[in-house]
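Visitor: predicted model follows, preceded by the sequence.
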Amino acid sequence: VQLQAYGGGLVQAGGSLRLSCAGSGRPFSNYAMAWLRQAPGKEREFVASIRWSGASASYSDSVKGRFTISRDNAKNTVYLQMNSLKPEDTAVYYCAANERSWGKILEYDYWGQGTLVTVSS
């Protein structure tokens with residue numbers, strides 16, 4: 001599957017953004033999906049993941065209650081709604097896909113190109 005993430009940008013602290021990731025190729029429902037991020041000078045970290053059907057989601061402690069992951073398999077798209085953004089949320093956000101596993105993991109079979117989110121204080 002090919003993944004393309006978009007929707008990043010510059011936002012003030014306390015604001016909101018919605019990221020989207022469009023998939024093409026094999027049926028989107030074949031994949032558990034996730035968002036991960038990498039801030040400047042830091043390691044890549046897990047943000048959120050969602051099961052193949054969208055029935056369950058998992059979040060990192062740092063975003064729980066502020067971010068929501070969702071998916072629309074008919075549109076081959078996964079979303080990340082980000083509310084109450086903080087400067088420490090500044091990072092390149094990547095969408096990723098796995099055929100067999102999901103959860104708070106860092107290893108994925110397929111990756112999108114990343115979209116930059118910058119939160120100003």
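Guide: Good, I have the coordinates.
Visitor: now do stretch 32-50: distance from first to last residue.
Guide: End-to-end distance for stretch 32-50, by CA to CA, to the nearest Å: 6 Å.
Visitor: quick one: mean pLDDT for it?
Guide: Per-region confidence: stretch 32-50 scores 97 on mean pLDDT.
Visitor: where along the protein do the helices fall?
Guide: Using DSSP state H, no helices are found in the chain.
Visitor: residue nearest the centroid of it?
Guide: Nearest residue to the geometric centre of the chain (CA atoms, centre = their mean): W35, 2.4 Å.
Visitor: OK, contacts around that one?
Guide: Under the criterion of CB atoms under 8 Å, 6 or more residues apart in numbering, the contact list for W35 reads 19, 21, 47-49, 69, 78, 80, 93-96. Bear in mind the C-beta positions are built from the backbone N, C-alpha and C, glycine included.
Visitor: adding distance to G114 and neighbour count, write those residues out as JSON lines.
Guide: Compiled in JSON lines, the contacts of W35 are given as follows (distance: CB to CB, whole Å; neighbours: other CB atoms under 10 Å):
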{"residue": "L19", "distance to G114": "10", "neighbour count": "24"}
{"residue": "C21", "distance to G114": "10", "neighbour count": "26"}
{"residue": "V47", "distance to G114": "12", "neighbour count": "25"}
{"residue": "A48", "distance to G114": "15", "neighbour count": "24"}
{"residue": "S49", "distance to G114": "17", "neighbour count": "25"}
{"residue": "I69", "distance to G114": "16", "neighbour count": "22"}
{"residue": "V78", "distance to G114": "14", "neighbour count": "31"}
{"residue": "L80", "distance to G114": "13", "neighbour count": "27"}
{"residue": "Y93", "distance to G114": "7", "neighbour count": "23"}
{"residue": "Y94", "distance to G114": "5", "neighbour count": "22"}
{"residue": "C95", "distance to G114": "9", "neighbour count": "30"}
{"residue": "A96", "distance to G114": "10", "neighbour count": "25"}
